[in-house]
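here is a sequence with its predicted model. Questions after.
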Amino acid sequence: MKKLLTTAVAGLIFVGTANAQGTWYSDYTSWSNQLTSLGGTANYNNLPTNVLADNPYTENGVTVEGTGALWGQLDLNSISLLNQTDKMTFTFAGNAFAGYFATTDTDEDKVTDSLDFLVNGTYAKNLLTSSSGYSFLGYISDTDGAISVDVSGDSTPEWVTVDSFSFGNKTNATNPGSAVPEPGEYVSMAILGIGLCGMIVRSRRNKKS
């Protein structure tokens, strides 16, 4: 019984922390204050309003690649995509990133929408964007080692537009396991919990019989 209980509890702990891979930040100061070192910032100023000749494009240690073509926006001093259904992938030598993001329409005006982020292809975050300005999002991984970030539109995408993108390093985990479990994890934990209760009840009945 003790072995069974220990195994079940261990399963609960594993599911509860499996996707707790890092911490998200909603302002630059809080994010930067946690860093051991700031690597660099790509500002995307003075890019031509046209398809960029380089894809991937690298600036100040940040490499961004579009699944289609990358598009410069001189009027916004930003980088965007040629197609609204494409995505950007950022790579850099750090385990933390931050940036100012927006969604834009065909006239390159900012619109209210949202963007989807994936860290290392697995850890997801949705960011609401505004028609009045850029929205900030930062992230620090709980583990050392370089990370990559995918940015794409939601199910009704506008164009992904990035004003600036910074990266850095945090030598030690900031808040290990602090991220809130995803909804699927709650379901898994509930199933395991119900299973655990069932095993305990069956064990007691077997002893009585």
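Structure received.

grab the longest strand from this protein for me.
The residue-count maximum for a strand in the chain (DSSP state E) belongs to strand 159-169.

and the strands in the chain?
Here the chain has its strands, by DSSP E, at 22-25, 37-42, 57-59, 62-66, 70-73, 78-81, 87-91, 96-104, 110-111, 113-119, 123-129, 135-141, 148-153, 159-169.

closest one to Val51 among those?
With Cβ to Cβ, the closest approach to Val51 among those belongs to strand 70-73: 6.1 Å. Quick note: C-beta positions are derived from backbone N, CA and C, even for glycine.

and that closest one, what other elements does it pack with?
If contacts are counted by 3 or more Cβ pairs under 8 Å, 6 or more residues apart in numbering; DSSP states H and E, strand 70-73 sits against strand 78-81.

do you know how far the closest residue to Ser148 other than its chain neighbours is from Ile147?
Leaving aside its sequence neighbours, Ser148 sits nearest to Thr91 (Cβ to Cβ, 6 or more residues apart in numbering; 4.9 Å). Per Cβ to Cβ, to the nearest Å, Thr91 is found 9 Å from Ile147.

more neighbours, the two?
Taking neighbours as other Cβ atoms under 10 Å, Thr91 and Ile147 compare with Ile147 leading, 21 against 17.

identify the bridge partners of the residue nearest to Ser148.
Beta bridges link Thr91 to Thr63, Ser148, judged by DSSP bridges.
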